[in-house]
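Visitor: Predicted structure and sequence below. I'll ask about it afterward.
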Amino acid sequence: MDKTLENILVCPGCHGPLTHQAETLICTDTHCQSLPRQWPMVRGVPVMFDEAQSFFRIADARSILESPGRSRWHRWLSKAWHARPGLDRNVAAERNYRHLEQLLRDTQEGLVLVVGCGDEGVGIHHLRTSPHVTLIGLDIRWTASVAVIGDAQQLPFSDEVFDAVVLQGVLEHVLDIFQVEKEVFRILKAQGLVYCELPFLQPNHGGAFDLTRFTWTGHRRFWRRFTQLEAGVCCGPGMAMANMVQQFARAWLPFRAWRILSDWLTDWLFWWLKYLDDWLTKNPASLDGASGLFFLGRKSDHVLSDAELIATYRGGQ
Ligand SMILES: [Zn+2]
């Protein structure tokens with residue numbers, strides 16, 4: 001295991017120290033209530049679910065890690081299917097990650113936790129390629145960018161060790177977002193940074209694991225223990241419109257095969273709508289019809305009051 005990671009990894013249940021025996025990490029706190037109190041390392045990746053609290057199971061993550069992966073034929077088919085113009089466009093992520101990378105230059109380590117790193121987020125290459133930044137990826141499932149398998153609600157890291165935490169299109173998929181906020185606050189150093197993108201007007205995109213949407217004010221209140229450095233629209237009304245049209249078409253169709261065909265067709269008919277967002281997002285009213293919103297903030301001792309919160313609204317209503 002990487003030395004940086006080994007130094008900050010703790011029990012996800014009690015945050016007690018771990019001992020490392022062969023391919024197993026064991027919690028050394030005898031009062032620990034977590035289950036199973038020891039965690040396997042599979043192919044060098046620690047699988048750190050506290051099964052007393054988490055919905056996720058070590059055995060499931062382990063079986064994915066140990067499976068041979070998709071065949072070449074399957075990968076080719078998947079690539080061919082996705083080779084069509086998508087409806088989604090992020091107009092702010094590139095700029096925001098450049099900003100975050102600049103801010104991280106002022107920190108000693110530039111240690112960043114990417115929660116839900118499995119699918120490479122738009123713009124995150126600005127962090128990955130920076131000599132000032134060390135990324136640690138966490139997800140519930142293994143992919144090439146995952147360093148630790150764990151649950152965002154019980155992060156297996158010591159208090160105040162990260163310079164930044166990134167949650168790009170992740171929070172809508174967790175069961176208890178307020179528990180995640182507590183965990184992010186705990187593992188961030190004083191003055192630590194958070195970058196979050198969340199959907200506002202987006203149809204379901206995770207089946208049962210799509211739980212939450214936020215308006216501007218809702219999102220700002222969620223991060224009220226953080227000072228805002230920048231916030232706004234990352235995915236605009238054009239993308240929202242295209243996705244809603246696609247969803248409207250799907251809603252007529254009773255069979256999955258028809259819906260897949262309909263998605264393909266609506267992708268080809270409405271892909272261009274997302275490019276309108278380059279103009280639309282310059283207008284304050286786009287805040288009220290955005291597909292997604294972002295927040296970049298700094299951990300603070302001051303909690304934003306509700307009066308201050310209401311004054312932050314700058315949409316078109
Ligand atoms: Zn423990």
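Guide: Right, received. Where do you want to start?
Visitor: Residue ranges of each domain in the protein, please.
Guide: Following automatic domain parsing, the chain resolves into domains at 3-66, 72-311.
Visitor: need the contact list for Trp271.
Guide: Taking CB atoms under 8 Å, 6 or more residues apart in numbering, we find Trp271 in contact with Arg84, Pro85, Gly86, Leu87, Ala242. Where you see a C-beta, it was placed from the backbone N, CA and C, and this is true even at glycine.
Visitor: And those residues, which is closest to the ion?
Guide: Gly86 (42.7 Å; CB to the ion).
Visitor: Pull the number of nearby residues for the closest one.
Guide: 11 (other CB atoms under 10 Å).
Visitor: Lowest-scoring secondary structure element of this protein by mean pLDDT?
Guide: Least confident helix or strand of the chain, by mean pLDDT, DSSP states H and E, is helix 72-82 with a mean of 79.
Visitor: which parts of the helix or strand harbouring Asp278 are buried?
Guide: Counting by DSSP states H and E, the element that carries Asp278 is helix 277-280. Within helix 277-280, the residues that count as buried by 16 or more other CB atoms under 10 Å are Asp277, Leu280.
Visitor: May I have that helix as CSV, with CA atoms only?
Guide: C-alpha atoms of helix 277-280 as CSV (Å, rounded to 0.1, in the frame of the first residue of the first chain):
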residue,chain,number,x,y,z
ASP,A,277,-25.6,26.6,-22.3
ASP,A,278,-22.4,28.5,-23.2
TRP,A,279,-24.6,31.5,-23.6
LEU,A,280,-27.5,30.7,-21.3
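Visitor: Downstream of it, the next helix or strand is which one?
Guide: Assignment by DSSP H and E places the next element after helix 277-280 at strand 292-299.
Visitor: so how far is that next one off the chain centroid?
Guide: From the chain centre to the centre of strand 292-299 is a distance of 12 Å (CA atoms, centre = their mean, to the nearest Å).
Visitor: Now do the same contact list for the residue of the stretch 101-250 of the chain found nearest the ion.
Guide: Nearest residue of the stretch 101-250 of the chain to the ion, counting by CB to the ion: Pro156, 9.7 Å away. If you count contacts by CB under 8 Å, 6+ apart, Pro156 has them with Leu9, Val10, Cys11, Pro12, Pro46, Met48, Val148, Gly150.
Visitor: cutoff 7 Å now
Guide: Leu9, Val10, Cys11, Pro12, Met48, Val148, Gly150 (CB atoms under 7 Å, 6 or more residues apart in numbering).
Visitor: now, which of the residues you listed sits nearest Val115?
Guide: Set against Val115, the nearest of these by CB to CB is Gly150 (9.1 Å).
Visitor: Tell me how many other residues surround the closest one.
Guide: 26.
Visitor: Kindly state the pLDDT recorded for it?
Guide: pLDDT, Gly150: 96.
Visitor: So it sits against Gly137, correct?
Guide: No. Between Gly150 and Gly137 there is no contact under CB atoms under 7 Å: 10.4 Å.
Visitor: ends of stretch 215-226, how far apart?
Guide: 17 Å (CA to CA, to the nearest Å).
Visitor: quick one: strands adjacent to the top strand by length along the chain?
Guide: Scanning the chain for the strand with the most residues, using DSSP state E, yields strand 188-199. If you go by DSSP bridges, strand 188-199 pairs up with strand 162-168 (parallel), strand 292-299 (antiparallel).
Visitor: Okay, buried residues for that strand please.
Guide: Leu188, Lys189, Gly192, Leu193, Val194, Tyr195, Cys196, Glu197, Leu198, Pro199.
Visitor: For the helix holding Asp278, name the packing helices and strands.
Guide: helix 237-250 (3 or more CB pairs under 7 Å, 6 or more residues apart in numbering; DSSP states H and E).
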